[in-house]
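Q: Show me the folded form of this:
(one chain, ligands or ions: 1)
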Amino acid sequence: MNDLLPQDAHLWELFENTAQSVVQAYGFQQIRTPIVEETRLFARAIGAVTDIVEKEMYSFTDSMNGDQLTLRPEGTAGVVRSVIEHNLVYEGPKRLWYKGQMFRHERPQRGRYRQFHQFGCEAVGFTGPDVDAEMIMMCRRLWDDLGLDKIRLELNSIGDASERAAHRVELIKYFEAHADQLDAEAQRRLHSNPLRILDTKNPAMQELVTNAPKLLDYLGEASLAHFNGVQKILNHNNIPFKINPRLVRGLDYYNRTVFEWVTDELGAQGTVCAGGRYDPLIETFGGKPTPAVGFAMGIERLVELMKTAGEPAPGNQCDVYLVHQGEAAQLQAFVLGERLRDAGLDVVMHCAAPTGAGSFKSQMKKADGSGASFAVIIGEDEVANHTANVKAMRDEAGESQQSTVPFDGVVDFIVDHITDGGEEHHHFHVHDENCKH
Ligand code: HAM
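A: Okay, the predicted model is just below:
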């Protein structure tokens, strides 16, 4: 479980803000569900013989009342519970998004953590392949907006339950005929979850699984039409993808479309986003039949990818750094700081405690280190003259200009210089851009 430190916070914010504005552009609305749910919700939704439920859940008994509870290992189950509990699809289908921490007791390694964060979407109440394609295109737009071009799409259809049942019979027959080539894990899964054997990372079994019966060959007419429908829209919109007949997913609720976005830049844990359709799930929990499709992205992995893609260093910490000397000047600085913030600027005020404000020189060093576009300096003279000294810290010409400005004119002076000056990375603009999204 990791701490998020300030030096990384701007990348997380950039990712989350961009993701949020992209999905909002497709009509998705936020939902927040609790981090803790009843254990049986996950066991039933994700499947009793999956890795997650068998060995990765942080489960505990509530000592107050004996409830069996679990820290959520993923977001879909809680959203589904909430959709049913609040009858969210009463007025029609809903597009939902969420973000937050998830917990899985996995063996930690690069890109795999015990507390991690997902950004996810669930579209509930939609039957057709159009929403599957829309979700995939939405991911593509997010990669583009983040400048991530080394992510590829793998797509598959795992059909409906009866199609999987027919395939399963043949798959077990095939693996039984080659039992000597199965590793211990595959033997354990042979009768409980043979489909997952196809997902093995064991190099010695690659040929065996490549030649195994393909689920795609068992799809009926309706499943095939759905799968073709998804591909048609993706092709029409120039979204490249590879059909991977062995893509099966590690959670049991899926049917038909499944997909993963994968990168080679992150080592073994290269799946940055994964999802698919889960039409029967809501009905099995007692809701009205409500087909649905969704995905979740691993935020740690995507932030890591943003770093490898050379995401620029953190922007300014603030627009204005306030330097002051003496008690009267500090009081003036407080007043000015509030006025600047009223005007939408980010302001850091030099803090006097615990060693006193320090010399102007040492304060100016701090101002420089803050990345501020302007330092505003108030000393005894400025207090006496009702002025402030405004210094442009990032002047393109190199010479940093210093102006004495009447105290009441400082806000306008700085706002004017920030909006029509050559400054590109100041916070004033950043706020602006977020508003446009
Ligand atoms: P998942 O494949 O289990 O699917 O997880 C989705 C993504 O979460 C992964 O592709 C990965 O990026 C990230 N992730 C998973 N486990 C970890 C971990 N231990 N450390 C870091 N990142 C991790 C789901 O969770 C489904 N609920 C997705 C979905 C939503 N399907 C339909 N709707």
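Q: Would you tell me what helix or strand the residue most central in space within the chain is located in?
A: The centre of the chain sits closest to residue 119, judged by CA atoms, centre = their mean, with a distance of 3.6 Å. Element membership of residue 119 [criterion: DSSP states H and E] is strand 115-124.
Q: what's the spacing between that strand and its chain's center?
A: Relative to the centre of its chain, strand 115-124 is centred 7 Å away, using CA atoms, centre = their mean, to the nearest Å.
Q: who does it touch, helix- and strand-wise?
A: helix 6-24, helix 76-85, strand 94-103, helix 129-146, strand 292-298, helix 299-308 (3 or more CB pairs under 8 Å, 6 or more residues apart in numbering; DSSP states H and E). No exception for glycine: its C-beta is placed from N, CA and C like everyone else's.
Q: what's the first one packed up against?
A: Secondary-structure packing of helix 6-24 (3+ CB pairs under 8 Å, 6+ apart): strand 94-103, strand 115-124, helix 129-146, helix 299-308.
Q: do the same with the second one
A: For helix 76-85, the elements it packs on are strand 36-38, helix 39-46, strand 94-103, strand 115-124, helix 281-284, strand 292-298, judged by 3+ CB pairs under 8 Å, 6+ apart.
Q: Show me the shaky parts of the protein.
A: 311-316, 353-354, 396-400, 420-437 (pLDDT under 70).
Q: which parts of it sit against the ligand?
A: Counting by CB under 6 Å from any ligand atom, the chain comes close to the ligand at 74-76, 104, 106, 111-113, 116, 118, 120, 122, 250-251, 271-276, 278, 294-298, 300-301.
Q: could you flag which of those are buried?
A: For these, a burial check counting by 16 or more other CB atoms under 10 Å picks out 74-76, 104, 111, 113, 116, 118, 120, 122, 251, 271-276, 278, 294-298, 300-301.
Q: those strands in the stretch 251-400 of the chain, which residues are they?
A: For the stretch 251-400 of the chain, the strands defined by DSSP state E, counting those that start in this stretch occupy 255-262, 271-277, 292-298, 320-324, 347-349, 374-378, 387-392.
Q: what lines up beside the fourth one in the sheet?
A: Pointing back at strand 320-324 there. strand 347-349 (parallel), strand 374-378 (parallel) (DSSP bridges).
Q: And stretch 205-212, what's buried?
A: Per 16+ other CB under 10 Å, stretch 205-212 contains these buried residues: 205, 208-209, 212.
Q: out of these, which are inside strands?
A: Using DSSP state E, no member of those sits in strands.
Q: which of these lies closest to residue 169?
A: Using CB to CB, residue 212 comes nearest to residue 169 of the buried residues of stretch 205-212, at 12.8 Å.
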